[in-house]
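> this one's structure only:
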């Protein structure tokens, strides 16, 4: 990570391909708002169908292997496809990429509807036959390709939003992701229970078609043509690595975000079991949706106030606070403490994600941003599931039995109190401490100073270009 950017003063917006003089910043912001709302509808619809598939598969088969394969396959497909998606984004106009992804997803969802209609229920639900797995794969491929839009969305921030407002725009992106999380966690179960899987697919197809039709009405005249890029083929791993390594310290930033997701995997694996130990299953989904409103609040705060002059510093401070919350929100088995802790934790998540996006948008040229975002998504998408797969059996076999034994309960009581979930609380406490230590150490590294300096330099140059003396 000693490489220096060969042209650190180069504008990140590819001036030969982008002409921001065609419309005012306010007009461009309105276009971005339309793209953001469209992406929100598409993301909500995709997650709605994916969650519904998971619920339906378990309710019909009572087989955890089916749900495990669905979840694992989704995350693995995201991880393996993200670099290809980033390459695609770099090679073509961003709005064209979004339209392609929307159209492809619509076709896949329609195909799944035809399969569901024509395949006998007994055959569809027989896991020893191929129909269930083909049906699942069709929906998952459609859902995964839709994620290409999220990479393209990050690059449209660079095209449409003024440099000093990009952090605010990224906060709005985080708010949209929070809305998706809340809506799908509540509606998917209700849809499967009240409408059934068949009508759920119909709803998903209708909403996907609506999003696709709306996308056809949007225009980005500022993108005169696709920025000239050195991307090659459909899976430009070498180019992705070169794009990341061209900016000193950027690879370390992605690694830190990946490490943060490793720790986040602990919470992903154990937050539901802890909640289900504390609340009836009928209430846990609603309570978690309430806690997830923190996503919206965090995104709204960034949209209003931004991330400050150094987003990387803001990111590390947010990670420290997340570590503190993760360590203390289960110190006692109190419902209000757990829900409040989840809410505050999720308020901070958009700060971490928006900070990473803002730094990349500022320091990476537009013709390489797709591959950098794709590379980051590949790493970060794979991190949390890996930790979840590791921590779940470790907790189940060793930590939880120890905490529930008479000796373990007595030793943990002074720190963690009493209750049936003290083993999970111990895991959360250790994960929070590790997160705090990692962020504090990151402040002391030369990489932090280099990335901060590069960001400050390019931000000053962008401001000078936008407001010439």
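Perfect, thanks for sending it. Source: prediction; values computed, not measured.
> Which strand or helix spans residue 198?
helix 196-216 (DSSP states H and E).
> Which positions in that helix come out as buried?
When burial is assessed from 16 or more other C-beta atoms under 10 Å, helix 196-216 yields the following buried residues: 197, 200-205, 207-209, 211-212, 214-215. Glycine gets a C-beta too; all of them are placed from N, C-alpha and C.
> ok, and what's touching the very next helix or strand once past that helix?
Next in sequence after helix 196-216, counting helices and strands by DSSP H and E, comes helix 237-245. The list of residues contacting helix 237-245 from outside it, by C-beta atoms under 8 Å, 6 or more residues apart in numbering, reads 1, 3, 83, 86-87, 230-232, 250-251, 254, 364, 368, 371-372, 374-375.
> ok and the lengthiest helix in the chain relative to helix 196-216, angle-wise?
Ordering each helix of the chain by length in residues (DSSP state H) puts helix 25-61 first. Counting by axes from the mean of the first three to the mean of the last three C-alpha atoms, to 10 degrees, helix 25-61 points 160 degrees away from the direction of helix 196-216.
> next one: helix 25-61 to chain centre, how far?
In terms of C-alpha atoms, centre = their mean, to the nearest Å, the centre of helix 25-61 is found 12 Å from the chain centre.
> Where does pLDDT dip in the stretch 101-250 of the chain?
Residues of the stretch 101-250 of the chain meeting the criterion pLDDT under 70: 178, 181, 185.
> repeat that for 80
Within the stretch 101-250 of the chain, the stretches with pLDDT under 80 are 127, 174-190, 226-237, 239.
> Buried residues of the helix or strand harbouring residue 288, list them for me.
Secondary structure from DSSP H and E places residue 288 in helix 281-305. Within helix 281-305, the residues that count as buried by 16+ other C-beta under 10 Å are 284-285, 287-289, 291-296, 298-303.
> for that helix, packing partners?
helix 166-194, helix 250-278, helix 335-363 (3 or more C-beta pairs under 8 Å, 6 or more residues apart in numbering; DSSP states H and E).
> how about JSON lines for these, with mean neighbour count and distance to residue 51 added?
Output for the helices and strands packed on helix 281-305, formatted as JSON lines (neighbours: other C-beta atoms under 10 Å; distance: least, C-beta to C-beta, whole Å):
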{"stretch": "helix 166-194", "mean neighbour count": "21", "distance to residue 51": "4"}
{"stretch": "helix 250-278", "mean neighbour count": "20", "distance to residue 51": "13"}
{"stretch": "helix 335-363", "mean neighbour count": "22", "distance to residue 51": "18"}
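> can you put these in JSON lines and add distance to residue 223?
As requested, those are arranged in JSON lines below (distance: least, C-beta to C-beta, whole Å):
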{"stretch": "helix 166-194", "distance to residue 223": "16"}
{"stretch": "helix 250-278", "distance to residue 223": "24"}
{"stretch": "helix 335-363", "distance to residue 223": "15"}
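> how about those, which one is nearest residue 436?
Closest of the helices and strands packed on helix 281-305 to residue 436 is helix 250-278, at 10.1 Å (criterion: C-beta to C-beta).
> now the closest one against helix 335-363, angle please.
160 degrees.
> Check which helices and strands helix 250-278 is in contact with.
Using 3+ C-beta pairs under 8 Å, 6+ apart, helix 250-278 sits against helix 237-245, helix 281-305, helix 311-328, helix 335-363, helix 366-394, helix 422-443, helix 446-466.
> hmm, try it at 7 Å
With contacts defined as 3 or more C-beta pairs under 7 Å, 6 or more residues apart in numbering; DSSP states H and E, the packing partners of helix 250-278 are helix 237-245, helix 281-305, helix 335-363, helix 366-394, helix 422-443, helix 446-466.
> low pLDDT regions in the stretch 351-469 of the chain?
381-393, 396, 461-469.
> Straight-line length of stretch 152-171, end to end?
16 Å (C-alpha to C-alpha, to the nearest Å).
> who touches it?
12-13, 18, 25, 28-29, 31-32, 35, 39, 89, 94, 97-98, 173, 220, 222-223, 299, 301-303, 306-307, 311, 350, 354, 357-358, 361-362, 366, 369-370, 373, 459, 462-463, 466 (C-beta atoms under 7 Å, 6 or more residues apart in numbering).
> what sits against residue 363?
For residue 363, the contact set (C-beta under 7 Å, 6+ apart) comprises 12, 247, 250, 454-455, 458.
> just curious, which of those residues is nearest to residue 334?
Using C-beta to C-beta, the contacts of residue 363 come closest to residue 334 at residue 455, 40.8 Å.
> and that closest one, how many neighbours?
22 (other C-beta atoms under 10 Å).
> can you start the count at 39 instead of 1 from here on
Right, with 39 as the first residue, what we last looked at is residue 493.
> Could you double-check that it lies in contact with residue 397?
Yes - using C-beta atoms under 7 Å, residue 493 is in contact with residue 397, at 5.5 Å.
> what residues are shared contacts of the two?
residue 350.
> And residue 372, how close does it get to residue 366?
11 Å (C-beta to C-beta, to the nearest Å).
> do residue 313 as well
17 Å.
> re the thing from before, ok, which of the helices and strands packed on helix 288-316 comes nearest residue 153?
helix 404-432 (26.8 Å).
> what comes up buried for that closest one?
So for helix 404-432, counting by 16+ other C-beta under 10 Å, buried means 404-423, 425-426, 429-430.
> after that helix, next one along is what?
Scanning onward from helix 404-432 (DSSP H and E), the first element met is helix 438-442.
> residues of that following helix that come out buried?
438, 440-441.
> do the same with stretch 465-475
Under 16+ other C-beta under 10 Å, the buried positions of stretch 465-475 are 465-467, 469-470, 472-474.
> what do you get for stretch 259-277?
260-261, 264-265, 267, 269, 273-274, 277.
> mind putting those in CSV, distance to residue 449 included?
Shown next, in CSV, are the buried residues of stretch 259-277 (distance: C-beta to C-beta, whole Å):
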residue, distance to residue 449
260, 62
261, 61
264, 62
265, 60
267, 58
269, 56
273, 51
274, 53
277, 53
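> farthest pair in those?
Most distant of these, by C-beta to C-beta, are 260 and 273, 28.6 Å apart.
> Whatever helix or strand comes next after the longest helix of the chain - contacts with which helices or strands?
For helix 63-99, the following helix or strand on the C-terminal side (DSSP H and E) is helix 102-129. Where contact means 3+ C-beta pairs under 7 Å, 6+ apart, helix 102-129 is packed against helix 63-99, helix 168-184, helix 186-198, helix 275-283, helix 404-432.
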